[in-house]
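Enquirer: coordinates for the following, if possible.
(one chain, ligands or ions: 1)
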Amino acid sequence: MKCTGSIEARDVEEMYINIDPIQAGGRLTPEAHKAVIAYADGYSVCDNCLKPFRLDYIKKPPLAEFHEDCAKWLNMDQLRVVPGARRGFQAVASSMVSKGDPVVLTSLSHYTEFVSVEQSGGIPVEIPLSDDKHITADAAAQKIEEVISKFGRPPALMFVEHVDYQYGHIHDIKGITKAAHQYDVPVLVNGAYTVGIMPVDGKDLGADFLVGSGHKSMAAPAPSGVLAANEEYAEKIFRTTQAKGDVTGRTFGIKEVELMGCTLMGVTVMGLIASFPAVQKRVENWNEEVKHSRIVTDALLSIEGTVCLSKCPREHTLTRINTIDSFDKVAQTHKKRGFFLSGDLKKKGITGMIAGSTRVWKYNTFGLTDNQIEYLAKAFQDVAEENGLVVNRE
Ligand SMILES: Cc1ncc(COP(=O)(O)O)c(C=O)c1O
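Expert: Next up is the predicted model:
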């Protein structure tokens, strides 16, 4: 396709119930939509960048205030905005990991965590999953022991997902950080599916680093996110530049090396800030979100042959489901093959499923209203019945 510069309206959020597993928490608030228009120009937050020249010191618009407030909200000592969770991983790995250092990740770690380790020259080592697909403190401790006996030293860093992207399971972060700290291993908690979605207390979790994704879970434009650190490591990961021009003798003030000086300079950070009050409020509604998730999951499980691969009752809004013995059976003989499911759902105003998926797939109910949840649950059952499957309705 040739890019002509003419852009069509994106109607997904207005016309459909969107259950895309990665998009649910990133839908903008009306306040963020307004901020995006107002700050659409490049470098639009930099009008009042006064000495010291750095993004997190800007008072108007209130970037400095946001940095402080967001750190407090997450109960962490320091925080910076970053262009996506992945840039947070990169900043931490780059300052904590040297070439050849073992780094512990998990069997549910996101590829961006692996890539950040790769970029730093670290050697990734995975914590295996328990039978019920969780990361446990015991497994973390055992992996650290294995690293020590193999490399003669503990891992330089551990990554662990607060909630993983495969099953939407909440892992025992408190237990894992406690185990890691016994070996003096710092832990980065990946909050891509929790920060902005459910209440998160970094100190309570024992996080040395806490990373959130703005576009995944904080109702912000992409690419945006937050990187928070406790005092012990903040100085290291937010180190300021010592670079000097050897001809000019120039120095570069207090620009932070891992952040390349400044990060989000317009639309992205303003969207993040504009949504922040609503995001703080919405995490308090987490119990309702979990209830919604259970209603939809129960409806899917009422379709004979369907199996939930995530732990039930659901504790998160992201769920992995196996419909090999239900919707996929229909797909075997349907003239549209596997595309019938996303097609039938779309006709009922539901989008976000990967077209053609009828075997193992994921959905996310975050942010839907009571009415939308009821409608969605019934729509799954209706599509099943309309295609000859048995549904055990209450
Ligand atoms: C668990 C997890 N961590 C990190 C990321 C990357 O987040 P970002 O796009 O903000 O860099 C993703 C993206 O899908 C994810 O699922």
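Enquirer: need the distance between the two termini of stretch 140-159.
Expert: Stretch 140-159 has its terminal residues 10 Å apart, counting by C-alpha to C-alpha, to the nearest Å.
Enquirer: can that stretch be found next to the ligand?
Expert: No - for stretch 140-159, no contact with the ligand is found by C-beta under 6 Å from any ligand atom; the gap never falls below 9.5 Å. Yep, even glycine has a C-beta here, placed from its N, CA and C like the rest.
Enquirer: same check on stretch 77-89?
Expert: Yes - for stretch 77-89 and the ligand, the contact criterion (C-beta under 6 Å from any ligand atom) is met by 84-86.
Enquirer: tell me where the model's unsure across this protein.
Expert: Low-confidence segments of the chain (pLDDT under 70): 1, 3, 9, 13-14.
Enquirer: got the domain boundaries for the chain?
Expert: The chain breaks down by the TED database into domains covering 11-21+284-387, 46-264.
Enquirer: I'd like the ones you listed laid out as TSV, including mean neighbour count.
Expert: Below are those laid out as TSV (neighbours: other C-beta atoms under 10 Å):
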stretch	mean neighbour count
domain 11-21+284-387	18
domain 46-264	20
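Enquirer: minimum distance to P30: which of those domains has it?
Expert: P30 lies closest to domain 46-264 among these, at 10.2 Å (C-beta to C-beta).
Enquirer: ok, back up a step: so which of the domains of the chain gets nearest E31?
Expert: Distance to E31, taken as C-beta to C-beta, is lowest for domain 46-264 among the domains of the chain, at 8.9 Å.
Enquirer: how far away from the center of its chain is that closest one?
Expert: 12 Å (C-alpha atoms, centre = their mean, to the nearest Å).
Enquirer: as JSON lines, the domains of the chain with distance to P30 would be great.
Expert: Formatted as JSON lines, the domains of the chain follow (distance: least, C-beta to C-beta, whole Å):
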{"stretch": "domain 11-21+284-387", "distance to P30": "12"}
{"stretch": "domain 46-264", "distance to P30": "10"}
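Enquirer: that older thread, show me the residues of stretch 77-89 next to the ligand that map onto helices.
Expert: Mapping these onto helices (DSSP state H) picks out 85-86.
Enquirer: and the residues of stretch 77-89 next to the ligand, which is closest to R393?
Expert: Nearest to R393 among the residues of stretch 77-89 next to the ligand: A85, at 40.0 Å, using C-beta to C-beta.
Enquirer: quick one: contacts for that closest one?
Expert: By C-beta atoms under 8 Å, 6 or more residues apart in numbering, the contact set of A85 is 112, 190-192, 211-213, 216, 225.
Enquirer: surely A40 is in contact with V267?
Expert: Yes - judged on C-beta atoms under 8 Å, A40 makes contact with V267 at a distance of 5.9 Å.
Enquirer: what about those two, which has more around it?
Expert: Counting neighbours by other C-beta atoms under 10 Å for A40 and for V267 shows that V267 has the greater number, 23 against 11.
Enquirer: returning to that earlier point: now, which of the contacts of A85 sits nearest F252?
Expert: Taking C-beta to C-beta as the measure, F252 lies nearest G225 of the contacts of A85, at 24.2 Å.
Enquirer: quick one: the closest residue to L188 other than its chain neighbours from M260, how far?
Expert: The shortest distance from L188 to any non-neighbouring residue, by C-beta to C-beta, 6 or more residues apart in numbering, is to F209 (4.1 Å). With distances taken as C-beta to C-beta, to the nearest Å, F209 is found 18 Å from M260.
Enquirer: do F53 as well
Expert: Separation of F53 from M260 (C-beta to C-beta): 14 Å.
Enquirer: check V330 too.
Expert: 51 Å.
Enquirer: out of the domains of the chain, which is closest to A274?
Expert: Taking the domains of the chain one by one with C-beta to C-beta, domain 46-264 is closest: 8.4 Å.
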